[in-house]
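1. let me see the structure of the following:
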Amino acid sequence: MNYKKRGQVWVETVIYTLIALVMISLVLAFARPKIVELQDRAITEQSISALEDINTIILSLAQGGPGNKRLIELGIRKGLFRIDGENDKIFFELESTHTYSEPGENVSSGDIVIYTEKRGEFNLITLTLDYSNEYNITYQEGDIFRTINKASTPYNLFISNKGGNLTVMDFEIG
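-> Numbers count the residues shown, from 1 in each chain. Here you go, the predicted model:
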């Protein structure tokens, strides 16, 4: 008789443990996507802030004249930072579960144009600064296309005013 009670206690313990694990799994199944979406929203806001900082530096360098150089620490936790020297544009691209704006529509936030493109269950959010009519954007003094990937440590991004008829703003990773 004593062995039956012991067996029953172990069976109950296992059943209660399984019920608890199932409930935890259900909570995580519903909460995790929302947590990821909130993280993506925060990263998008940080990327917008970083582009605003870069824009402010470019504008101050243009006022200061040729020879000025500034450093900005650029942290990229998700997505890609691109310098398009051919088209004089700077942009962030990130794949996100968060829908920042209406897909297929351009939205302006100051000088930044935000475009959201739906790709299956994810969205491709592109944040663009277009300097094609104001400055000649270069990377290491060349009109090239440069992609900077995410990294655990911030990049040292140097921006310098090289002068010229259409002011050259040169980017360099240090």
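2. would you map the helices across this protein?
-> Assigned by DSSP state H, the helices in the chain fall at 2-64.
3. for it, give me the ranges with low pLDDT.
-> Across the chain, residues meeting the criterion (pLDDT under 70) sit at 1-6.
4. could you redo the last one with a cut-off of 50?
-> For the chain, no stretch is flagged by pLDDT under 50.
5. how about S109, what does it touch?
-> I48 (CB atoms under 8 Å, 6 or more residues apart in numbering). In this view, the C-beta of every residue, glycine as well, is placed from N, C-alpha and C.
6. can you check T138 too?
-> T138 sits in contact with 85, 144, 162, 168-171, where contact means CB under 8 Å, 6+ apart.
7. if we go to 10 Å?
-> 83, 85-86, 88, 144, 146, 160, 162, 168-172 (CB atoms under 10 Å, 6 or more residues apart in numbering).
8. any idea which of these is closest to G7?
-> Distance to G7, by CB to CB, is smallest for R146 among the contacts of T138, at 68.2 Å.
9. since we're on that closest one, how many residues are nearby?
-> When neighbours are counted by other CB atoms under 10 Å, R146 registers 16.
10. mark which of the contacts of T138 are part of strands, please.
-> 83, 146, 160, 162, 168-172 (DSSP state E).
11. which of those residues has the most neighbours?
-> Busiest of the ones in strands among the contacts of T138 [other CB under 10 Å] is M169, holding 25 neighbours.
12. just give the closest residue to it, not the sequence neighbours.
-> Y135 (4.7 Å; CB to CB, 6 or more residues apart in numbering).
13. go ahead and confirm that neighbour touches I57.
-> No - using CB atoms under 10 Å, Y135 makes no contact with I57, being 12.0 Å away.
14. quick check: neighbours shared by these two?
-> Counting by CB under 10 Å, 6+ apart, the residues touching both Y135 and I57 are M169.
15. mind listing what's buried along stretch 61-68?
-> 61-62, 68 (16 or more other CB atoms under 10 Å).
16. repeat that for stretch 44-64.
-> Buried residues in stretch 44-64 (16+ other CB under 10 Å): 44, 47-48, 50-52, 54-55, 57-58, 61-62.
17. would you mind giving the residues you listed as TSV with distance to V36 added?
-> Output for those, formatted as TSV (distance: CB to CB, whole Å):
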residue	distance to V36
T44	13
S47	16
I48	19
A50	21
L51	23
E52	25
I54	27
N55	29
I57	32
I58	33
L61	37
A62	39
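18. tell me the one among the residues you listed nearest to G110.
-> E52 (6.4 Å).
19. ok, and the closest non-adjacent residue to the closest one?
-> E52 sits nearest to G110 (CB to CB, 6+ apart), 6.4 Å away.
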